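Colleague: Provided below for reference: sequence and predicted model.
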Amino acid sequence: MIARKKFDSKDTQGISTFLHEHGYCVINPEDDSLEAFRAVAGRFGLIQFHTKSDKTGVVGGGDPINKDWQAFRDDYHGELSSDFYPHTDGSFLNGMAYIDGVARKITPPKYVILQCVSKPQFGGDNFLVDGQRIYNDLLVNHPDILKILMTSGSVTYCRDDLLSIDCSVFEKVNENKLRIRYRYDSTAFSPEWASSAFQYIQDKYSTNPDYITNISLEPGEILVMDNLRVLHARHQFTDGNMKRKVRRLWIADDTSMVFKNILNQSPVRRAMLPFQKYNIAAAENAPAFIDYSCGIRFQSDMFLTPPCAELEQWPASSANRQ
């Protein structure tokens, strides 16, 4: 399927409705400037920084604040021109950092917002896979696989200096919503009891044309994606006389929890420092204007217990978590 519907940046109702139905939308800003991009993106919520972002949070805007990641450039697949498989941005984030003196959980962003600045000579288009459709199909046709993918410990992600251990592919946010945390690349590690289920997403959905929505952005256009629901990807590209350039912003997950130190102290540990690069900006943006709650709609009344035979193959600690 090819996405053709595009919205004016002021069409808040149309954007909200389309996000609810599909988990993404394409917006035409007032102009193609960096300021207009930040104005549109910032109204979806608080900006979350990235190790590659500039001082305003934009990746592909100004000079990045941090330079140390450049020594490990091959670990950052967005820097490469090869195929980038469907994934959740920030899958490797599951830590804590102090933000304005408060210890806050650092998690993947709720929105990923991309703007095409210029297109390459060949290739480079995006495509999306809706995690809501993956969940719905697994729930009805493969509840045993879904149960494995909802088990804590079914996947661990490690990229550069960040480690997100003992995660699940589908994770409950609240009683009504799930989030998906998935990427099929060298950052992913899965135990033997979950590896087939993890592979099933790549084989059955991520490479299945029936589940793929192709997105071809023109310069200036902005793609907004529910990162808790939609997997996004990019085809390989070749630069020539025309070079691919995109801007990216993350919008922080406002459901992330806050921690209190047991001794009422604020000790900054070295383990927190890598997550500090992904902290959340101060509340200086305009209020969020989109009536939409990110994530996958959870159908708890339909969720089935896996067969006993399957449970016997799982580690006892994983089975006991359910």
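Modeller: Okay, I see it.
Colleague: contacts and neighbour counts: CA atoms only from here.
Modeller: OK.
Colleague: wait, isn't residue 14 in contact with residue 20?
Modeller: No - at 10.0 Å, residue 14 does not count as touching residue 20 under the criterion of C-alpha atoms under 8 Å.
Colleague: Tell me if residue 136 really is in a helix.
Modeller: Yes - counting by DSSP: H, G, I helix; E, B strand; the rest coil, residue 136 is found in a helix.
Colleague: give the contact list for the closest residue to residue 175 other than its chain neighbours.
Modeller: Among residues not flanking residue 175 along the chain, residue 298 sits closest, at 7.4 Å (C-alpha to C-alpha, 6 or more residues apart in numbering). Residues near residue 298 by C-alpha atoms under 8 Å, 6 or more residues apart in numbering: 175, 176, 177, 178.
Colleague: My impression was that residue 203 belongs to a strand - is that right?
Modeller: No - counting by three-state DSSP, residue 203 is not part of a strand but helix.
Colleague: Around it, how many other residues sit close by?
Modeller: 10 (other C-alpha atoms under 10 Å).
Colleague: Same check on residue 299?
Modeller: Residue 299, neighbours per other C-alpha under 10 Å, totals 14.
Colleague: Does anything pack onto the helix or strand encompassing residue 247? Which helices or strands?
Modeller: Assigned by DSSP states H and E, residue 247 belongs to strand 245-251. Where contact means 3 or more C-alpha pairs under 8 Å, 6 or more residues apart in numbering; DSSP states H and E, strand 245-251 is packed against helix 34-42, strand 47-48, strand 111-118.
Colleague: Straight-line length of stretch 88-99, end to end?
Modeller: One end of stretch 88-99 sits 24 Å from the other (C-alpha to C-alpha, to the nearest Å).
Colleague: follow-up on the earlier one: residue 143 is nearest to which of the helices and strands packed on strand 245-251?
Modeller: Ranking the helices and strands packed on strand 245-251 by their distance to residue 143 (criterion: C-alpha to C-alpha) puts strand 111-118 first, at 27.8 Å.
Colleague: picking up where we left off before, now the helices and strands packed on strand 245-251 as CSV including mean pLDDT, mean neighbour count and distance to residue 245?
Modeller: Shown next, in CSV, are these (pLDDT from 0 to 100; neighbours: other C-alpha atoms under 10 Å; distance: least, C-alpha to C-alpha, whole Å):
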stretch, mean pLDDT, mean neighbour count, distance to residue 245
helix 34-42, 91, 18, 13
strand 47-48, 94, 28, 21
strand 111-118, 96, 23, 5
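Colleague: quick one, phi/psi of the residue of the chain positioned farthest from its centre?
Modeller: Ranked by distance from the centre of the chain (C-alpha atoms, centre = their mean), the top residue is residue 263, with 34.0 Å. Note on residue 263: its backbone torsions stand at phi -100, psi 10 [degrees, to the nearest 10].
Colleague: Got the confidence number for it?
Modeller: If you check residue 263, the pLDDT there is 87.
Colleague: Now do the contacts for it.
Modeller: Residue 263 neighbours (C-alpha under 8 Å, 6+ apart): none.
Colleague: next one: the one 10 residues further on
Modeller: Listed by C-alpha under 8 Å, 6+ apart, the contact set of residue 273 reads residue 97.
Colleague: Can you tell me how far it is from residue 205?
Modeller: 36 Å.
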